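Undergrad: My questions concern the predicted model and sequence given below.
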Amino acid sequence: MRYEKPALSIDQQIELLKGRKLVIKDNARAKKYLSNIGYFRLTGYMFHLQDASNNFLEGATFDEVIKLYQFDKKLRAILSEYLERIEVALRAKLTNKYSINHGFFWFTNLELYEDKDIYNSINLEIRDKFEKAQEQFLKSFKNKYPKESMPPSNMALEVLTLGKLCRLYKGLINKDEKLEIAKEFNLPSTILSEWFIYLTNIRNACAHHSRLWNRKFAADRPTIPSREKYKFNGDIPTDFNTTIYGVIALIDRLLASFNPENTFTKKIEELIEQCSVNPGFMGFPKNWNTNAVWKY
């Protein structure tokens with residue numbers, strides 16, 4: 001089967017949507033959004049307003065689609081901001097814990113890893129970034145210490161992507177330093193590794209401006225702890241580890257371990273109220289206002 005759909009002009013796209021019974025009151029406004037955001041990207045905010053034959057439900061409007069798009073954009077910004085705080089905390093903890101006991105070049109020590117492939121991948125990336133240094137701090141270090149073939153940990157971890165950073169943590173042997181980091185995040189190290197990798201997928205979706213609000217994230221689904229010491233209270237739906245509701249809960253739990261006074265969930269709740277969206281599409285339970293997991 002070949003893809004043979006003809007390309008449509010913006011005006012034709014508007015007529016197509018109208019033909020499917022979407023209410024568009026302002027053609028000029030619709031044309032602006034379709035020109036600058038794109039028909040395909042906006043369709044992600046239309047599916048729940050359509051029936052099986054792709055016709056829109058009675059009363060569905062283009063303004064409603066744009067409102068959801070704008071909500072999603074603000075949601076990505078909030079998640080990105082607080083995921084960055086978790087990422088920075090992980091970088092700091094790895095350098096602080098391992099450098100004290102094993103020196104600033106600890107990441108080059110194969111004996112600290114249980115996964116040789118991760119050791120090779122991490123060191124290859126750091127060496128490559130060092131040899132082709134673009135950041136000023138790496139250039140300055142190379143000029144001052146020309147005999148060094150690798151940068152120290154406090155610089156090396158800065159050039160790793162979040163994905164590589166999370167896999168570095170996962171690939172380390174479960175010894176004192178790794179367990180101390182997990183303890184500071186208030187989770188077992190195996191579960192913490194899963195959470196980091198899962199949240200990397202969310203951060204990547206935010207970075208690529210992908211839709212979040214009604215999306216399921218099934219890849220690398222994390223374990224939800226059941227032990228009394230670590231378990232969540234409140235409403236935990238069966239799809240908790242695939243929805244944005246679950247993502248928010250995981251981020252909140254990690255933030256609380258090192259910044260309990262943060263306003264992350266407050267901003268999420270205010271955004272939902274401000275934009276009047278239905279949080280059920282994000283996996284929120286019906287009584288989330290009083291029984292969301294971060295209320296406990």
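TA: Nice, I can see it.
Undergrad: So in this structure, where's the weakest helix or strand by average pLDDT?
TA: Lowest by mean pLDDT, DSSP states H and E among the helices and strands of the chain is helix 288-291, with a mean of 92.
Undergrad: Give me the contact list for that helix.
TA: Defining contact as CB atoms under 8 Å, 6 or more residues apart in numbering, one finds that helix 288-291 is touched by Gly234, Asp235, Tyr245, Pro279, Pro285. The C-beta positions use only the backbone N, C-alpha and C, and glycine is treated the same way.
Undergrad: Check stretch 149-169 too.
TA: 87, 90-91, 94-95, 98-99, 104-108, 118, 121-123, 125-127, 129-130, 135, 137-138, 141, 178, 181, 192-193, 196-197, 200, 203-204.
Undergrad: Can you flag the buried ones in the residues you listed?
TA: For the contacts of stretch 149-169, a burial check counting by 16 or more other CB atoms under 10 Å picks out 87, 90-91, 94-95, 98-99, 104-108, 118, 122-123, 125-126, 129-130, 138, 141, 178, 181, 192-193, 196-197, 200, 203.
Undergrad: What's the local residue count around the residue nearest to Gly280 when sequence neighbours are not counted?
TA: Distances taken as CB to CB, 6 or more residues apart in numbering put Lys286 closest to Gly280, at 7.2 Å, once the chain neighbours are dropped. If you count neighbours by other CB atoms under 10 Å, Lys286 ends up with 9.
Undergrad: before we move on, what SS does Lys286 have?
TA: Put simply, Lys286 is coil when judged by DSSP: H, G, I helix; E, B strand; the rest coil.
Undergrad: how far away is it from Asp11?
TA: To Asp11, Lys286 is 42 Å away according to CB to CB, to the nearest Å.
Undergrad: returning to what we had before: of the contacts of helix 288-291 - the most surrounded one?
TA: Counting neighbours by other CB under 10 Å, Tyr245 leads the contacts of helix 288-291 with 22 neighbours.
Undergrad: so Val293 sits right up against Lys231, yeah?
TA: No - using CB atoms under 8 Å, Val293 is not in contact with Lys231, being 9.7 Å away.
Undergrad: In contact with Lys295: list those residues for me.
TA: Gly234.
Undergrad: swap in Phe137?
TA: By CB under 8 Å, 6+ apart, Phe137 lies in contact with Met155, Glu158.
Undergrad: run the last query once more with 10 Å
TA: Taking CB atoms under 10 Å, 6 or more residues apart in numbering, we find Phe137 in contact with Pro151, Asn154, Met155, Glu158, Val159.
Undergrad: Separate out the buried members of these.
TA: Buried members of those, scored by 16+ other CB under 10 Å, are Pro151, Met155, Glu158, Val159.
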